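Visitor: mind folding the following:
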Amino acid sequence: MKPRTLRLGVVLALALAGAVGIDAAVDSPRTLMSRDDYRRDGLVIESQIRGEMEGCHAMRGATRELCRAQVRADERVRKADLAALYYGTVDSARQARLARVSAAHDIARAKCAARFAGAGNDCLRIAREQSVLATAQARLTSP
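Guide: Numbers count the residues shown, from 1 in each chain. Prediction:
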């Protein structure tokens, strides 16, 4: 082995070992709420969603599917908001905005299905276009 290659290998190995040591020494990232509060709030959201889903079971047909879509969308948004509060990062805030857009799209799709009973291609196209525009805006918007 050439001495230059050997020296380069040793330097890279030391740099890697230093990076691993630094990573191990760093605590978990700072959050805006405690881990126990985050877990507790997540369980509260899940229990509330279960209760809301039970309310949807009394309905029939398209209204039942619309109710279920609204509850699932609400769950997705609430969990994303909770994660954004817990992590407090720009990425988690963007994920919460994207969850709102996705939830609105899911609800619009369910409304199209309930309203037009399979003949709502124009409704679905409009909902998809609005979702694409809102997604692009949510990705470009800074917190």
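Visitor: just the buried positions in whatever helix or strand residue 69 lives in, please.
Guide: Element membership of residue 69 [criterion: DSSP states H and E] is helix 61-87. Neighbour counts over helix 61-87 (16 or more other CB atoms under 10 Å) mark 65-87 as buried. Bear in mind the C-beta positions are built from the backbone N, C-alpha and C, glycine included.
Visitor: which neighbouring elements make contact with that helix?
Guide: When contacts are defined as 3 or more CB pairs under 8 Å, 6 or more residues apart in numbering; DSSP states H and E, helix 61-87 sits against helix 35-57, helix 90-116.
Visitor: hey, least reliable of these by pLDDT?
Guide: Mean pLDDT values for the helices and strands packed on helix 61-87 show the minimum at helix 90-116, a mean of 88.
Visitor: before we move on, which element is residue 33 in?
Guide: Residue 33 belongs to no helix or strand, assigned by DSSP H and E.
Visitor: so for it, what's the pLDDT?
Guide: pLDDT, read off for residue 33, is 86.
Visitor: gap between the closest residue to residue 109 other than its chain neighbours and residue 53?
Guide: Among residues not flanking residue 109 along the chain, residue 127 sits closest, at 5.8 Å (CB to CB, 6 or more residues apart in numbering). Residue 127 sits 23 Å away from residue 53, going by CB to CB, to the nearest Å.
Visitor: tell me the most buried of the helices and strands packed on helix 61-87?
Guide: Sort these by mean neighbour count, taking mean count of other CB atoms under 10 Å, and helix 90-116 sits at the top with a mean of 18.
Visitor: which helix or strand lies directly C-terminal to that one?
Guide: Past helix 90-116, the next helix or strand by DSSP H and E is helix 121-140.
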